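> Structure of the sequence below:
(one chain, ligands or ions: 1)
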Amino acid sequence: MKVGKEQIHNLPLNPVTNLGAYAQQLQKAAEEQGIYLPPPVRLQIGEPSFRTPEHIRQAAIESIQQETLTYGPPAGWSWLRELIAAKLVRVNGYHVSPENIAVAVGGTGAIQAILLGTVGVGDEVLLPDPGWPHYRLQIANTGATAVPYPLDPDHDWLPDVERLKPLVTPRTRLIIINTPGNPTGAVFPPELVHELLAFARQHDLYLLSDECYDEMVFEGQHRSPASYLTPKEFENGNLLCVYTFSKTYAMTGWRVGYLVTSKELIKTIATVLDASTTNVSTLSQRAAAAALTGPQDCVHEMRAIYQRRRDLAVTLLTQAGRYLYTPHGAFYLLIEVSGPNGPRAGRQFSQELLRETNIAVAPGSSFGEGTQGYIRVSLSASDEEIERGISEICAFANRQ
Ligand code: PLP
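The predicted model follows:
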């Protein structure tokens with residue numbers, strides 16, 4: 001039987017996908033018994049709970065009505081890249097030209113294009129554990145080998161450069177860092193960002209800085225490694241920064257993200273983008289442009305709501321004796337689910353929790369080896385869902 005590339009075929013199914021299938025099974029079984037089971041409380045999701053703001057949707061409607069919507073340039077239309085260059089000054093504190101920017105199909109498309117353009121079979125890529133599950137899938141697509149590095153729960157889920165050093169081999173080509181982080185919500189202190197940049201440069205590695213939650217910061221400051229480089233250093237091409245419209249503007253379904261790197265490296269990546277997607281739909285690029293030129297109140301409002309929900313979750317966990325840390329950004333929280341009899345697998349916990357209480361959470365195993373005993377809850381649910389969810393999770397964990 002032909003199954004395609006084994007490295008891709010053999011990847012385990014994401015536990016969140018498994019949980020979704022299990023939820024469907026439970027619904028079906030209840031239906032067969034004539035019982036109405038409401039849809040589960042969705043604390044497992046990784047996308048904003050808001051609708052894309054009106055002025056952004058309107059820009060897309062106008063584009064449909066007025067434009068021919070032909071193919072576009074592989075790296076994105078220059079009018080959007082100019083607006084992105086201005087955003088990088090306003091939000092991220094560094095200057096680049098539109099030629100340093102390529103628009104992609106979400107942050108996902110940007111990361112995949114970077115990996116395809118920089119690493120391949122025989123190369124090793126350092127990635128955070130816990131980390132966004134797609135990194136592993138994307139690395140497998142390139143044929144390179146994923147080498148996880150730990151984020152330390154005893155140090156606010158931050159990486160430790162000393163623990164990174166022994167993982168570097170002659171085959172290591174690239175390191176991925178992610179701040180604000182999914183699933184931890186950690187925001188790296190500026191000096192750590194600087195240290196990681198120095199580490200990558202010292203070992204001659206590409207540094208892929210995933211900054212998709214750059215505008216979802218509650219405390220502290222998100223600092224991009226790019227802001228530490230002179231224009232000449234930036235043009236050396238070892239740094240690639242990734243951003244998205246998905247989280248900041250509740251635009252997950254529009255599929256617009258972008259990456260920023262040296263002009264020479266953009267040339268490589270634009271070829272990958274051309275070969276894989278030709279270009280991002282002009283319609284979505286118009287919507288993204290409207291997001292950048294329109295009022296930014298929506299960003300502040302959504303952030304304030306996530307922060308309020310974060311505070312609610314932290315208070316509930318503290319009251320239940322399960323407080324571990326406070327996420328300073330993004331919209332997730334990891335909860336350790338050991339019970340009276342000691343540690344237990346977050347995966348099994350998630351399934352039992354779903355069956356007994358109809359609450360869906362993401363098992364920690366989705367994000368790496370180091371978080372097997374955790375679950376991740378998303379703050380993109382309503383206050384009531386978070387309240388009910390966290391109370392039930394804590395009660396369930398204490399009972400078992
Ligand atoms: N990076 C991280 C850490 C994420 O959590 C996500 C989405 O959840 C992405 C990148 C990609 O998002 P998108 O492709 O919607 O821009």
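
> Can you check the pLDDT for the residue in the stretch 51-200 of the chain positioned nearest to the ligand?
In the stretch 51-200 of the chain, the residue found nearest to the ligand is residue 106; the distance is 2.6 Å by CB to the nearest ligand atom. The C-beta positions use only the backbone N, C-alpha and C, and glycine is treated the same way. We have a pLDDT of 98 for residue 106.

> Could I get the contacting residues of the nearest residue to it once chain neighbours are set aside?
The shortest distance from residue 106 to any non-neighbouring residue, by CB to CB, 6 or more residues apart in numbering, is to residue 257 (4.3 Å). When contacts are counted by CB atoms under 8 Å, 6 or more residues apart in numbering, residue 257 touches 103-110, 212, 242-246.

> can you rerun that using 10 Å?
Residues near residue 257 by CB atoms under 10 Å, 6 or more residues apart in numbering: 102-111, 113, 212, 242-247, 251, 280, 288.

> beta partners for it?
As for beta bridges, residue 257 partners with residue 104, residue 244 under DSSP bridges.

> near the ligand, which residues of the stretch 51-200 of the chain show up?
The stretch 51-200 of the chain has residues 106, 107, 108, 132, 178, 182 near the ligand, with proximity defined as CB under 6 Å from any ligand atom.

> Any chance of those in JSON lines with distance to residue 349 and neighbour count as columns?
As requested, those are exported to JSON lines (distance: CB to CB, whole Å; neighbours: other CB atoms under 10 Å):
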{"residue": "106", "distance to residue 349": "30", "neighbour count": "23"}
{"residue": "107", "distance to residue 349": "29", "neighbour count": "25"}
{"residue": "108", "distance to residue 349": "28", "neighbour count": "19"}
{"residue": "132", "distance to residue 349": "21", "neighbour count": "24"}
{"residue": "178", "distance to residue 349": "25", "neighbour count": "26"}
{"residue": "182", "distance to residue 349": "20", "neighbour count": "26"}
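
> ok, of these, which one's closest to residue 203?
Distance ranking of those against residue 203, using CB to CB, places residue 178 first at 18.8 Å.

> How about the closest one: what's its closest non-neighbour residue?
Setting aside the residues directly before and after it, residue 178 is nearest to residue 210 in space (CB to CB, 6+ apart), at 4.1 Å.

> Isn't that neighbour up against residue 115?
No: contact status for residue 210 versus residue 115: not in contact, 11.5 Å apart, counting by CB atoms under 10 Å.

> Can you work out which residues contact both of these two?
135, 176, 240.

> Could you see whether the ligand lies near the host helix or strand of residue 241?
Per DSSP states H and E: residue 241 is located in strand 239-244. Yes: for strand 239-244 and the ligand, the contact criterion (CB under 6 Å from any ligand atom) is met by residue 244.

> Who are the packing partners of the helix or strand just after that strand?
Heading C-terminal from strand 239-244, the first helix or strand you meet, by DSSP H and E, is helix 245-248. Other helices and strands packing on helix 245-248, by 3 or more CB pairs under 10 Å, 6 or more residues apart in numbering; DSSP states H and E, are helix 106-118, strand 257-260, helix 282-293, helix 297-319.

> In the helix or strand of the chain with the lowest mean pLDDT, which residues are buried?
Across the helices and strands of the chain, the lowest-confidence element by mean pLDDT, DSSP states H and E is helix 15-32, at a mean of 84. Applying a neighbour-count criterion of 16 or more other CB atoms under 10 Å, the buried positions in helix 15-32 are 15, 16, 18, 19, 22, 23, 27.

> continuing past it, what's the next helix or strand?
Sequence-wise, the next helix or strand downstream of helix 15-32 (DSSP H and E) is strand 41-42.

> just how off-centre is that next one within its chain?
Here strand 41-42 is found 20 Å from its chain centre; the criterion is CA atoms, centre = their mean, to the nearest Å.

> Toward the C-terminus, what is the element adjacent to that strand?
Later in the chain than strand 41-42, the nearest helix or strand by DSSP H and E is helix 54-66.

> Report the angle between the very next helix or strand once past that following helix and helix 282-293.
Using DSSP H and E, the helix or strand that follows helix 54-66 towards the C-terminus is helix 78-90. Here helix 78-90 runs at an angle of 30 degrees relative to helix 282-293 (axes from the mean of the first three to the mean of the last three CA atoms, to 10 degrees).

> Counting by contacts, list what helix 78-90 packs against.
By 3+ CB pairs under 10 Å, 6+ apart, helix 78-90 packs against strand 101-104, strand 239-244, strand 257-260, helix 282-293.

> Quick check: which of the ones you listed has the most neighbours on average?
Among those, strand 101-104 has the highest mean neighbour count (mean count of other CB atoms under 10 Å), at a mean of 29.

> Distance from it to the middle of the chain?
For strand 101-104, the distance to the chain centre is 17 Å (CA atoms, centre = their mean).
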